[in-house]
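Asks: what's the 3D shape of this:
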Amino acid sequence: MSFGRLEKPGGNQPISDINVTPLVDVMLVLLVIFIITAPLMSSRLELELPKTEDKAAQVEEPEAFVSISVDAQGQVYWDEQPVDAAALQKRLEEIARRDPETELQLRADTAVPYGRMVQLIGMAQSVGLSRIGFVADPATGAPSAPVPGR
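Replies: Okay, here's the model as predicted:
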């Protein structure tokens, strides 16, 4: 009297195929992330800022400030966007009208002539902005060069 088979049932056999759907999903997500972040990483304006002692680099940023950069060729940038002299004048007037206590932070390449920086400072002062700061990189541990005449 036998109630079952003597053979062992086959059961579920493991699937030997590789499921590539999760792999494709992950790769597409990574591709989208790289597509979105690549322009952000390359839009940084490259300037060779003057070096200063570490003590000066610890100053806190003011609450309201505007950043203006000048590259080695003398091109002026307003928040990393190129701007001509007339547009810069209008933007500075608008900022001064809104809040005359806004600080103007100047970032200039070491190759920018002194006269170009004086022009920008004069433009800012003519519209009523008197708080002007210069941005510099902290020194890399090398001693600073002596100032002639001291």
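
Asks: Bridge partners for the residue nearest to Val83 when sequence neighbours are not counted, pull those for me.
Replies: Using C-beta to C-beta, 6 or more residues apart in numbering and skipping the chain neighbours, the partner closest in space to Val83 is Val76 (5.7 Å). Every C-beta, even on glycine, is put in place using the N, C-alpha and C of the backbone. Note on Val76: beta-bridge partners Val70, judged by DSSP bridges.

Asks: residues touching Thr102, list them.
Replies: Thr102 makes contacts with Ala64, Phe65, Val66, Ile95, Ala96, Leu129, Arg131, as judged by C-beta atoms under 8 Å, 6 or more residues apart in numbering.

Asks: If we use 6 Å, what do you get?
Replies: Ala64, Val66, Ile95 (C-beta atoms under 6 Å, 6 or more residues apart in numbering).

Asks: burial measure for the closest residue to it other than its chain neighbours, as a count.
Replies: What sits nearest to Thr102 in space, not counting adjacent residues and going by C-beta to C-beta, 6+ apart, is Ala64, at 4.6 Å. Counted by other C-beta atoms under 10 Å, the residues lying close to Ala64 total 12.

Asks: Over to Ala64: give its phi and psi.
Replies: Torsion angles at Ala64 (phi, psi; degrees, to the nearest 10) stand at phi -120, psi 120.

Asks: neighbouring strands for the lowest-mean-pLDDT helix or strand in the chain, and are they parallel or not?
Replies: The helix or strand of the chain with the poorest confidence is strand 51-52; it has a mean of 72 (mean pLDDT, DSSP states H and E). Strand 51-52 has the following sheet partners, assigned by DSSP bridges: strand 137-138 (parallel).

Asks: ok, Ile35 to Val29 distance?
Replies: Taking C-beta to C-beta, to the nearest Å as the measure, Ile35 falls 11 Å from Val29.

Asks: what's the answer for Asn12, then?
Replies: Taking C-beta to C-beta, one finds Asn12 at 32 Å from Val29.
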